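Visitor: Model the following, please.
(one chain, ligands or ions: 2)
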Amino acid sequence: MMRTLYDKLWDEHLVDLDEDGGALLYVDRHLVYEVTSPQAFAGLAAGARPVWRPGATFGVCDHNVPTAGRAGGIADPLSRLQVETLARNCDDNGIPQFRMLDRRQGIVHVVAPEQGLTLPGMVVVCGDSHTSTHGALAALAFGIGTSEVEHVLATQTLATRKSRTMLVRIDGGLAPGCSAKDLALYLIGRIGTAGATGHALEFTGAAVRALSMEGRMTLCNMAIEAGARAALVGVDDTTLDYLRGRPYAPAGVQWDAAVKVWRGLVSDPGARFDRMLAFDAAAVAPQVTWGTSPDMVAPVGAAVPDPDDEGDAGRRRAMEAALDYMALVPGTRIADIPIDRVFIGSCTNGRIEDLRAAAAVLAAAGGRIAPNVRQALVVPGSGLVREQAQREGLDRVFTAAGFEWREPGCSMCLAMNDDRLAPGERCASTSNRNFEGRQGAGGRSHLVSPAMAAAAALAGRFVDVRAFARGGR
Ligand SMILES: CC(C)[C@H](C(=O)O)[C@@H](O)C(=O)O
Ligand code: SF4
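Guide: Ligands and ions are numbered 1, 2, ... in the order given. As a prediction, this is how the structure comes out:
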């Protein structure tokens, strides 16, 4: 029988299946961080149960870490407690970890692929919704809740149910200036935040094949914002080239043996999917969200839509509430929206390629951030991304343009650390969620690609990076 990649990964990890479809999957890699693990470790300790496979678990702190002056410690007592508790829990249970001052520390979804902790064919779990990111490496990756974190720590298995499958084929090629982020936002705009609910997505097509691993991770990262349960990209040369030589990837004869298996981690030709969707990458313009949900998105050349044109009453009310929160008037051109802050980073767009794309726009245009932009932050996704960027001189491009060059972490993606918007501030952000208060109480978030964020920083408002790169400000 022809099987999808999802079927293959599922079959390979199935430990038990009951008549109602309740399944138990074996977990190869469990990533833990400071927010969703403390209660799980406490639960284990209370029941005097050990961690089943400490060596298959890995800890890294990211959400609560400061991105400036961290050598001096964490000022906020709650954040400090969380980060220290993670370190202690890992130590007490023999779990390997990167502590805050380790040069390899960073956002869990950036660090694990970068280290080869995530490998094709694995089931990867983490108590964080954006775990779907790891599916770019043909790993079946799930975000889980704290009670599941405890269950996985104790048993190395996950209780779950099989998802329906959905193939998203993106043909054609991206226009210069457009990126995986634009593809992701376009897709979410088209199918909505519940459009992929209950489904495991697989991305395929010429445009996906042409993406780097970084781009594929951006795509899989944001699939969760369309409601998907997981996201996948089949193995190809790009996957293997990315993984070769990574610290935790197999080497020598083990690498050769692994590659033989990994090459089979693609959907069989003719395998059946429950749903299919196709679009052409060439038709996707740079995207900017205007509302308080990632599907409230428009091409940069468009205007803020009018709720009166929306036939569905529920959606109309949601649009009205979003425009009210965002202080936007229907019909305003996206390009006329001024911004106060810029955030480049997150597990969506904090990888080296993202920083290169943003720096390239700054270098091509020259000049500094616009006077109305109060602050522009660049937060590399990991310490190694930061070092690589510095080797390439990107930090100097950013700082010369007036950006602050920070230390790795989730930062202003969500207000769990010192980086946050003030009430009413409007931000061009490369992160993945624009919910009310996401980047700080009362803050207004517009999701964009790294190139678009850099262009917006210089112009002080949103601009079409395609024209911008050609010199039009
Ligand atoms: C804090 C964590 C539970 C949360 C998540 O699961 O996604 C966060 O990472 C986010 O991006 O909103
Ligand atoms: S960078 Fe943002 S989306 Fe990613 S894990 Fe951190 S808080 Fe969540």
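Visitor: CA atoms for contacts and neighbours, from now on please.
Guide: Noted.
Visitor: Need the CA coordinates for stretch 239-246. CSV is fine.
Guide: Output in CSV follows, covering the C-alpha atoms of stretch 239-246 (Å, rounded to 0.1, in the frame of the first residue of the first chain):
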residue,chain,number,x,y,z
THR,A,239,17.9,18.0,4.4
LEU,A,240,21.0,15.8,4.3
ASP,A,241,23.3,18.7,3.5
TYR,A,242,21.9,20.6,6.5
LEU,A,243,22.4,17.7,8.9
ARG,A,244,25.8,16.4,7.8
GLY,A,245,28.4,17.2,10.6
ARG,A,246,25.9,18.5,13.2
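Visitor: for that stretch, the distance to its chain's centre please.
Guide: Computed by CA atoms, centre = their mean, to the nearest Å, the chain-centroid distance of stretch 239-246 equals 20 Å.
Visitor: and if you look at stretch 166-173?
Guide: 19 Å.
Visitor: gap between the helix or strand hosting residue 259 and the chain center?
Guide: Per DSSP states H and E: residue 259 is located in helix 252-262. Computed by CA atoms, centre = their mean, the separation of helix 252-262 from the middle of its chain amounts to 28 Å.
Visitor: which outside residues touch that helix?
Guide: If you take CA atoms under 8 Å, 6 or more residues apart in numbering as the criterion, helix 252-262 is touched by 120-121, 235, 240, 249-250.
Visitor: What number of residues are in the vicinity of residue 117?
Guide: Neighbours of residue 117 under the rule other CA atoms under 10 Å: 23.
Visitor: Type out the PyMOL command that picks the buried ones from the contacts of helix 252-262.
Guide: Entered in PyMOL, the line below selects the buried ones among these, by 16 or more other CA atoms under 10 Å:
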select buried, resi 120+121+235+240+249+250
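Visitor: Find the nearest non-adjacent residue to the residue of the stretch 351-473 of the chain found nearest ligand 1, please.
Guide: Nearest residue of the stretch 351-473 of the chain to ligand 1 (CA to the nearest ligand atom) works out as residue 414 at 6.8 Å. Excluding the flanking residues, the one nearest residue 414 by CA to CA, 6 or more residues apart in numbering is residue 439, at 4.8 Å.
Visitor: Name the residue closest to the centre of this structure, please.
Guide: By CA atoms, centre = their mean, the mean C-alpha position of the chain lies nearest to residue 348, the distance being 3.1 Å.
Visitor: Could you verify that residue 396 is part of a helix?
Guide: Yes: per DSSP: H, G, I helix; E, B strand; the rest coil, residue 396 lies within a helix segment.
Visitor: quick one: it from ligand 2, how far?
Guide: Distance, residue 396 to ligand 2, by CA to the nearest ligand atom, to the nearest Å: 23 Å.
Visitor: Name the helix or strand for the closest residue to that residue other than its chain neighbours, please.
Guide: Once flanking residues are discounted, residue 396 sits nearest to residue 390: 7.7 Å by CA to CA, 6+ apart. Residue 390 belongs to helix 383-391 when elements are defined using DSSP H and E.
Visitor: and that helix, what other elements does it pack with?
Guide: Judged by 3 or more CA pairs under 8 Å, 6 or more residues apart in numbering; DSSP states H and E, helix 383-391 is in contact with helix 352-365.
Visitor: Can I get the helix it packs on in PDB? Just the C-alpha atoms.
Guide: Written as PDB, here are the backbone C-alpha positions of helix 352-365 (Å, rounded to 0.1, in the frame of the first residue of the first chain):
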ATOM      1  CA  ILE A 352      21.000  32.800  10.000                       C
ATOM      2  CA  GLU A 353      19.200  33.000   6.700                       C
ATOM      3  CA  ASP A 354      16.600  35.400   8.200                       C
ATOM      4  CA  LEU A 355      19.300  37.700   9.600                       C
ATOM      5  CA  ARG A 356      21.100  37.600   6.200                       C
ATOM      6  CA  ALA A 357      17.800  38.600   4.400                       C
ATOM      7  CA  ALA A 358      17.200  41.500   6.800                       C
ATOM      8  CA  ALA A 359      20.800  42.700   6.700                       C
ATOM      9  CA  ALA A 360      20.900  42.500   2.900                       C
ATOM     10  CA  VAL A 361      18.000  45.000   2.800                       C
ATOM     11  CA  LEU A 362      19.700  47.400   5.200                       C
ATOM     12  CA  ALA A 363      23.000  47.100   3.300                       C
ATOM     13  CA  ALA A 364      21.400  47.700  -0.100                       C
ATOM     14  CA  ALA A 365      19.300  50.700   1.000                       C
END
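Visitor: tell me what that helix is packed against?
Guide: Using 3+ CA pairs under 8 Å, 6+ apart: helix 352-365 touches helix 213-223, helix 383-391, helix 394-400, helix 450-459.
Visitor: Flag every buried residue along the helix or strand just after the last one.
Guide: Read it as helix 450-459. Using DSSP H and E, the helix or strand that follows helix 450-459 towards the C-terminus is helix 465-468. For helix 465-468, a neighbour-count test (16+ other CA under 10 Å) marks 465-466, 468 as buried.
Visitor: ok, now stretch 406-417?
Guide: 406-417.
Visitor: Could you do stretch 282-298 as well?
Guide: Here stretch 282-298 shows 282, 284-298 as buried, counting by 16+ other CA under 10 Å.
Visitor: Spell out the secondary structure type for residue 43.
Guide: Residue 43 - assigned by three-state DSSP - is helix.
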